[in-house]
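Colleague: below are the sequence and a predicted model for it; my questions follow.
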Amino acid sequence: MKFLNTNYFKFGIIFLILLLYESIIRHDKDFDVFIGASKLIFEGKTCYEVWLMSGTSGLKYFYSPLFAVLLFPLKALPQIGYNLFWIAFNLVIIYRVFQLLPFFLPVNKFSKNKKALLYILGAACSARFILDNLDLGQMTFLMVWGSLESVRLFSLKKYMAGSALLAIIINIKIIPIAILPWLIYKREFRAVLLTGIFLIAYLFLPSVFIGYSFNNDLLHSWLSSLSGTTAKSIFDDAGRPSLSSLIPSLFMDSDIQFSVKRNILNLDAASTNIILNAFRILILIFLMFLFGKPFQKMKTKKAMFYEIALICLVTPLIFPHQGKYSFFYLMPAYFYCSYTLIKLFTIKSKLQYGRIYFFTLVFILISFAMVTVTTDGIIGRRLSDFTEYLHFITYGALSLLFAMAFVKPRFKPLVHY
């Protein structure tokens, strides 16, 4: 009976409960759209600019032709069958993300209690978006894991495997492409070159199964749908968390809800777009400041994780048309800040450490309150809708960015923490 007390058994029970709940009770998911796109391509039809049903609502498919082709083996399964597969796959991916943390951060030096506290804090801060991704059948877990795993492989000089992995997740959903400029910034030109080669190969790989001409038509339709989404983001993203919805709510006239006016100016769309792009540029400049001098190789795995966590953090803020589920990208930053707070707790009595500990803790608590506590499961649907109307999730992500600035590894007071 000793096995019943092991972590593997406990994880297995949680795994089984989530699997059955999400597959049977919460069965209508965005994954229905992915399967619908796969069926259309298999029948020789386009899957872009087509409304595909997910439960009682229709959604459009914005991912790559290759991803839809990779789903061919699942298209013949009933809904519960492909849901079981996808949720099981995502639960394994989440587990792998947690397993990757000790590679980057020296958490094995923690006591058992401190290590447990770290995982509890990181999971608690990310819980809302873990549930969102499972409920919707989304793929953000895959994007976060692929980003961390590819960087781990690059650090081990396994460039072929790392590039193949990074290229496939970029192909499926474009937002991990933010890692490529960082690789250039860190003088990892071999990784960038190989990733580029794999990206080109993956674009034409579906031709083997669906023909060269049909694949080309799908690629043109896919790129057109992506460019259209970007061009209309300040209008289409009104109810989504990100800068592309926050900035228009502040600088353009919009419908007043909850008897609360949000905008401080009434500008036209062109002027608002300029302000939006200016904010994006400011965030990128801030990142460069935190990264330090360009073309400098990474000195530690911890510094590597810190910078990847920053890239993940700003990704859903900068990219247009991101749903709430995309803010699972904040998870690495929450873990890094939690790790640092635990490390600093015993030495915060020293003045320089105390200030860093205090401000990091304040910004983390603000972020947690705005991002996680505002879920409808805690404060109720109406109040949660009100916080979304005021873009609390976006403000919470920005607060986390400030927290990350205080725990930058190369800050002199933190050299030996």
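Modeller: Perfect, I can see it now. Residues are numbered from 1 along each chain as shown.

Colleague: and for the closest residue in space to residue 295 that isn't next to it in sequence, the neighbour number?
Modeller: Nearest non-adjacent residue to residue 295, counting by C-beta to C-beta, 6 or more residues apart in numbering: residue 187, 4.5 Å away. The C-beta positions use only the backbone N, C-alpha and C, and glycine is treated the same way. Counted with other C-beta atoms under 10 Å, residues neighbouring residue 187 total 14.

Colleague: just give the nearest non-adjacent residue to the spatially most central residue of the chain, would you?
Modeller: Closest residue to the average C-alpha location of the chain: residue 329 at 2.7 Å, with C-alpha atoms, centre = their mean. Leaving out its chain neighbours, the residue that sits closest to residue 329 by C-beta to C-beta, 6+ apart is residue 312, at 4.4 Å.

Colleague: so who does that neighbour touch?
Modeller: 144, 147, 329, 330, 331, 332, 333 (C-beta atoms under 8 Å, 6 or more residues apart in numbering).

Colleague: residue 127 too?
Modeller: With the criterion set at C-beta under 8 Å, 6+ apart, residue 127 makes contact with residue 372.

Colleague: repeat the analysis, applying 10 Å as the threshold.
Modeller: 331, 372, 375, 377 (C-beta atoms under 10 Å, 6 or more residues apart in numbering).

Colleague: what ranges do the strands span in the stretch 1-150 of the chain?
Modeller: Remark: strands assigned in the stretch 1-150 of the chain by DSSP state E, counting those that start in this stretch are 52-54, 57-59.

Colleague: what packs against the first one?
Modeller: What it means is strand 52-54. Secondary structure elements in contact with strand 52-54, counted by 3 or more C-beta pairs under 10 Å, 6 or more residues apart in numbering; DSSP states H and E, are helix 31-42, strand 57-59.

Colleague: run the last query once more with 7 Å
Modeller: On a contact count with 3 or more C-beta pairs under 7 Å, 6 or more residues apart in numbering; DSSP states H and E, strand 52-54 meets helix 31-42.

Colleague: what does the helix it packs on contact?
Modeller: Applying C-beta atoms under 7 Å, 6 or more residues apart in numbering, the contact partners of helix 31-42 are 46-47, 50, 52-54, 59, 61, 63, 65, 68-69, 71-72, 74-75, 79, 82-83, 86, 137, 210, 218.

Colleague: quick one: which helix or strand includes the residue nearest to residue 329?
Modeller: helix 301-318 (DSSP states H and E).

Colleague: what residues sit buried inside the helix or strand that that helix is followed by?
Modeller: For helix 301-318, the succeeding helix or strand toward the C-terminus, using DSSP H and E, is helix 331-345. Within helix 331-345, the residues scored as buried using 16 or more other C-beta atoms under 10 Å are 331-344.

Colleague: before we move on, what about stretch 145-160?
Modeller: Buried residues in stretch 145-160 (16+ other C-beta under 10 Å): 145, 146, 147, 148, 149, 150, 151, 152, 153, 154, 155, 159.

Colleague: tell me who's in contact with residue 126.
Modeller: Residue 126 sits next to 328, 330, 331, 334 when contact means C-beta under 7 Å, 6+ apart.

Colleague: and it, what's its pLDDT?
Modeller: Note for residue 126: predicted pLDDT of 91.

Colleague: so which residues of the stretch 51-200 of the chain form helices?
Modeller: Here the stretch 51-200 of the chain has its helices, by DSSP state H, counting those that start in this stretch, at 65-70, 79-104, 112-136, 140-155, 159-172, 179-185, 189-204.

Colleague: tilt between the last one and helix 159-172?
Modeller: Interaxial angle, helix 189-204 versus helix 159-172 (axes from the mean of the first three to the mean of the last three C-alpha atoms, to 10 degrees): 50 degrees.

Colleague: right, and the helix or strand after helix 189-204?
Modeller: Taking DSSP H and E, what comes next after helix 189-204 is helix 207-210.

Colleague: where does the chain have low pLDDT?
Modeller: Scanning the chain for pLDDT under 70 picks out 1-28, 55-56, 228-238, 348-352, 410-417.

Colleague: to residue 30, which of the helices of the stretch 51-200 of the chain lies closest?
Modeller: helix 112-136 (4.8 Å; C-beta to C-beta).

Colleague: ok, residue 241 touching residue 396?
Modeller: No - with contact defined as C-beta atoms under 7 Å, residue 241 does not reach residue 396; the gap is 8.9 Å.

Colleague: quick check: residue 198 touching residue 163?
Modeller: Yes - counting by C-beta under 7 Å, residue 198 touches residue 163, with 5.3 Å between them.

Colleague: same drill for those two, tell me which one is more crowded.
Modeller: The residue with more neighbours, out of residue 198 and residue 163, is residue 163; 24 against 21, by other C-beta under 10 Å.
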